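Visitor: Give me coordinates for this.
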Amino acid sequence: MSPCVDAWANSDDDDDDNDTRSKSSHDELVADADAYRRKHHTAGYVEGLEQGKSETIQAGFNEGFVQGGKIGFEFGQLKGVAQSLRIFSQQATGSNTWSDAVVDCDKYLSKTSTVKALKAAHAESQVEGEGVGEFAHTLSNARREVESVGIDLHDYPGGNSAKA
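Guide: As a prediction, this is how the structure comes out:
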């Protein structure tokens, strides 16, 4: 015959100070609760990050898309006008005053690619509290020079990609 095991030997009726199984069980429950708390905290944090990313990435894209469109439009328009004035002044008598008025902006615009212009505008937009950067200042001067010879430049077509 096998010895009989007393199932009630370590019951709750016994002295709690001697019940090691109860203490270890409590420690395990505390450890499990901490593990679940960390797991749910991490899952909530990751979910919040992903939701925040999708919201801010889209908003940032929309804003950057419109800004890039405006800068690219203005830069391309100024570059085209300056080059046209330079070419026209070489073919028509009496038009030298036009090319003389825009000579500085033509030099800058003809040596700057559209990609470099957009990168310069983006870099300046990242600097806070500096006022107007070199690129924006040069573009503003070029616009003034072109308009000084009586050429009307168009503003960027209205609209917001976020609403379209």
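Visitor: Can you tell me how far L118 is from D155?
Guide: Counting by CB to CB, to the nearest Å, the separation of L118 from D155 is 18 Å. (Each C-beta comes from the backbone N, C-alpha and C, glycine too.)
Visitor: Got the phi and psi for D152?
Guide: Dihedral angles of D152 (phi, psi; degrees, to the nearest 10) stand at phi -90, psi 120.
Visitor: burial of it, as a residue count?
Guide: D152 is flanked by 6 other residues according to other CB atoms under 10 Å.
Visitor: same deal with the one 3 residues further on?
Guide: One way to gauge burial is a neighbour count; for D155, by other CB under 10 Å, it gives 9.
Visitor: For it, give me phi and psi.
Guide: According to degrees, to the nearest 10, D155 has phi -80, psi 160.
Visitor: Next: G150.
Guide: Per-residue torsions, G150: phi 90, psi 10 (degrees, to the nearest 10).
Visitor: likewise the one 3 residues further on?
Guide: Comment: the main-chain dihedrals of L153 come out as phi -100, psi 150, following degrees, to the nearest 10.
Visitor: List the residues that contact it.
Guide: For L153, the contacting residues are 74, 77-78, 81, 143, 146-147, by CB atoms under 8 Å, 6 or more residues apart in numbering.
Visitor: Nearest residue to the middle of this structure?
Guide: Geometric centre of the chain, nearest residue: G60, 4.5 Å, by CA atoms, centre = their mean.
Visitor: Distance of it relative to V103?
Guide: Distance from G60 to V103, counting by CB to CB: 38 Å.
Visitor: returning to what we had before: what pLDDT is listed against the residue nearest to the centre of the chain?
Guide: Per-residue pLDDT puts G60 at 84.
Visitor: And whichever helix or strand it is part of, how far out from the chain middle?
Guide: Here G60 sits within helix 20-91, counting by DSSP states H and E. The chain centre lies 7 Å from the centre of helix 20-91; the measure is CA atoms, centre = their mean, to the nearest Å.
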